[in-house]
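*Asks:* Task: produce atomic coordinates for the following.
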Amino acid sequence: MANIFESIILQIMALLGGSFFPVDVMPAILQKLSFLSLSGIALKAYLKIMMGYGTAQVTDYIAILAGIGVLFVVLSVLILREKGEIADAQYNKIKTVKA
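*Replies:* Residues are numbered from 1 along each chain as shown. Got it, this is the predicted structure:
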């Protein structure tokens, strides 16, 4: 699963986000989809900071990144609570072997 995530999903997100080439040269529909990519949001915020924009122009991007971070934390807590210790407890028992 990690290999699939690394080789397919991350590459698509990097393409949509503008990591390979600028988003401005992509078709209009792909430019709109760049907000689905974490790297695209972070890259746009970084470029605005480097061009001298103020905090007010970057606040939206920071809020989006913070919101996505909170969403991922909540999802991970729900998944771990559901599958965490209870499911793995039966496999973590210490086994003694008599010599």
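*Asks:* So which elements touch the lengthiest helix in the chain?
*Replies:* Identified as the longest helix of the chain according to DSSP state H is helix 55-83. Other helices and strands packing on helix 55-83, by 3 or more Cβ pairs under 8 Å, 6 or more residues apart in numbering; DSSP states H and E, are helix 38-50. Yep, even glycine has a C-beta here, placed from its N, CA and C like the rest.
*Asks:* Buried residues of the helix it packs on, list them for me.
*Replies:* Going by neighbour count (16 or more other Cβ atoms under 10 Å), the buried part of helix 38-50 is 38, 39, 40, 41, 42, 43, 44, 45.
*Asks:* Leaving aside the residues adjacent along the chain, what's closest to the second one?
*Replies:* To tie it back to what came earlier, the one meant is residue 39. Nearest in space to residue 39, with sequence neighbours left out and distances taken as Cβ to Cβ, 6 or more residues apart in numbering, is residue 17 at 3.7 Å.
*Asks:* residue contacts, that neighbour?
*Replies:* 23, 34, 37, 38, 39, 40, 41, 42, 43 (Cβ atoms under 8 Å, 6 or more residues apart in numbering).
*Asks:* Quick check: the second one touching residue 22?
*Replies:* What it means is residue 34. No. If you go by Cβ atoms under 8 Å, residue 34 and residue 22 don't touch, sitting 10.4 Å apart.
*Asks:* neighbour count winner among the two?
*Replies:* residue 34 (20 against 10; other Cβ atoms under 10 Å).
*Asks:* Any stretches of the chain with poor pLDDT?
*Replies:* Flagging of the chain using pLDDT under 70 yields the residue ranges 1, 82-95, 97, 99.
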